[in-house]
Structure formats: C-alpha cells, structure tokens
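Chemist: how would this look folded up:
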Amino acid sequence: MAKTAPDHAATDRLACDAAAWLPSADPDTQQHILGLLTAAAVTGAEPIVTLRDGLRRWFGAAAPAMLPRSPPSGPVPGPAMPLEPLTGPRRPTVWPVRPKRIADELFSSWLWRCATASHVSPALFAADVLGSRPDDVDRDIAPETIRRLARLSGQTFEALAAGTLPLVPRSPQDTIGGMVEDLLMTEERLLLARRARGGHRRDRPIVAYCPGCLASDVKPYFRRRWRLAPFVICPAHRAMLLDRCWYCRSRIDLLTQSRTGPQPRCGPCGRLLCEAPVTPRAVAAKLVPRQRNRKRCGGGTLRRVISP
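Modeler: Below is the predicted model of the structure:
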C-alpha cells in the first residue's frame, strides 16, 4: 500500500541526507537522488537498494563513483596518551629441566645432557649458560660459574665440581678405582689434550668415548676417566676408546653440536658416535690386562698415542 507524500520537513531531511551521502555539484544529479529517496520513502522500499538501482539505470558505468565510500576501519585516532612500557619477562631462577649429574660423569657431558633434555642445541645452550667459554670446560671452568650453574640446576657445588678435572680433586671418590682415578687426575700430563704450539694458545681438550657404553647406557654420558691417557680400552665391552669421529675423523666436542637428541653426534658430519665399529675382540683382549695392571700401580708411564 502506498504511503502519503512526505511533508516539507521530511523532504528537507531527505535533501540533507542526499547531500551528505552523495555530494554532487550537479543540480540535476541532486534532483535525481532526491527523487529516488522520496520515492523510497513513499513506497516503503529500502532506500539504499532503490538508490543503487536508480544510479545504475541513469548513470551507467559512472554510478559506482557516485556511491558513498565505506568509512575507514579501525579506531579513530585521538589525542596521544602516555604509554607505560612493560617490564621484560623475568628469567627463571631454576631450569625447568635439570638432569642430575651421574656419579662418574664428565662436567661437559652433564652440560650436554642438560641441553638435550631441554631440546636446545648444545652449542646455543653452552653459549647462554657459560658466556665466555674456556678452551677446556672440564679443566678451566671457574668455581663462580659452577656455583651459578648449581643454583640454576638445583644441585650442589660439590656434585658439579666432581665432574671437572682439577689438579686437586674437590670431591674425592670413595672406591679404590675412584681413588686411583683421582690420583691420576692430579697429573696434568696424563690428561688427554692437544698441546698448544709455541705456548701462545691453550691446550685443546681431547674427549674419548666407548661406542658400546653410549649404545647400552639408558642415559648416554661421557665418563671422567675417558679423559685420561692411560685408559685406552673399555673393560666392559673390550673395545678401544675412540678420540675422533669414526666416520669423518673430526675431534669430539660435545658443546659445539648444533643438533639435539638423546645420543651424542659428531658436530661436523652428524653421525651417531654409538654407531662406531667396535675393536676386534682379539686386539682388545691383549690390551685389557695391561691396562688393569697400570691402573693398580697408579698409571706408570703408559701414554696414549694421539694422532695430530
């Protein structure tokens, strides 16, 4: 049913709406728009639909340019207000994952296990927790650093210091084999290390390993005694200790590995160290008794031949 024609006040409002929605300097265009809005008001039709259809009929391709643009999205810019900077996240005082150091574990091996337990590459982990890394972490780590790591890992200073290679053991072992090892540790010349040339550089560590031990350990780790030159054979597996990667012949450095995982790998080539071929039993059987005799007498003069 058609409605009555709008009065003068309604017509004025429609004219204001037309000028606000579709401003145009052409009087004929303004009259067309006002007529569309008046017809919509009289018939009760949707004014926007009626306006859009009428513009298409009358102005063709120029009709879109005459339609109103949508208002800009987002908040309306207002006066600048002071912002309070948020404080950065606090560093945790204790690591969320902190494996305990095993009784005869090397200190660098414990750091490697902490990194892999947190699914962080050992290289990044060592750079973060040590900062300035010494050439030989097991021999040159500062007592202050050990105390700080003890607080972060929830362990005692003595437990972590027992994994280092000091001239005087901080935590003597209470077994006969352990006491012999501690005695050998006091002889710096018996520790595996590549000697610096000319005295301008520090000694570089040489880390040996037994593939059988790494493969059979529930939690693979490196023993302190593997850093001693007189120990060349693993009595448990009758296999010679290796001081290089079995595949690419690179030196073993646990804290330069970029990959993480439960088993230690060679840093340069990524091969698993536990996959190294085992020494033939006949060769190992001849060397194991000699090593045991040297161990009982305190090491003697047996020196391991290290390839340059």
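Chemist: shaky segments in this structure?
Modeler: By pLDDT under 70, the low-scoring segments of the chain are 1-7, 9-10, 14, 17-25, 40-41, 43-92, 167-173, 194-203, 280-308.
Chemist: tell me the strands in it, going along the chain?
Modeler: Secondary structure of the chain (DSSP state E): strands at 193-194, 204-205, 233-234, 239-240.
Chemist: Give me the sheet partners of the second one and which way each runs.
Modeler: Strand 204-205 has the following sheet partners, assigned by DSSP bridges: strand 193-194 (antiparallel).
Chemist: gap between the nearest residue to Glu105 once chain neighbours are set aside and Leu192?
Modeler: Spatial nearest neighbour of Glu105, excluding adjacent residues (C-beta to C-beta, 6 or more residues apart in numbering): Tyr221 at 4.8 Å. In short, each C-beta sits where N, CA and C put it, glycine included. Going from Tyr221 to Leu192 by C-beta to C-beta, to the nearest Å gives 17 Å.
Chemist: So which of these two has more stuff around it?
Modeler: Tyr221 (22 against 19; other C-beta atoms under 10 Å).
Chemist: who's in contact with that one?
Modeler: 102, 105-106, 109-110, 113 (C-beta atoms under 8 Å, 6 or more residues apart in numbering).
Chemist: at 10 Å what do you get?
Modeler: If you count contacts by C-beta atoms under 10 Å, 6 or more residues apart in numbering, Tyr221 has them with 99, 101-102, 104-106, 109-110, 112-113, 163, 209, 213-214, 254, 264.
Chemist: Now the two most distant members of those residues.
Modeler: Pro99 and Tyr209 (18.8 Å; C-beta to C-beta).
Chemist: still on that earlier bit, and of the strands of the chain, who's closest to Val94?
Modeler: strand 204-205 (28.7 Å).
Chemist: ok, and what's touching the closest one?
Modeler: 106, 108, 134-140, 165, 191-196, 227, 251-254.
Chemist: Can you go through these and name the buried ones?
Modeler: 106, 108, 136-139, 165, 191-193, 227, 251-254 (16 or more other C-beta atoms under 10 Å).
Chemist: Between those residues, which sits nearest Leu36?
Modeler: Closest to Leu36, out of all of the buried ones among the contacts of strand 204-205 and judged by C-beta to C-beta, is Leu254, at 81.2 Å.
Chemist: and the closest one, what does it touch?
Modeler: Leu254 touches 106, 108-113, 115-116, 122-123, 126, 137, 205, 207, 209, 221-222, 264-265, 267, 273, counting by C-beta under 10 Å, 6+ apart.
Chemist: One more pass at 8 Å, please.
Modeler: Leu254 neighbours (C-beta under 8 Å, 6+ apart): 108-109, 111-112, 122, 207, 222, 264.
Chemist: Also Trp110?
Modeler: 99, 101-102, 160, 163, 221.
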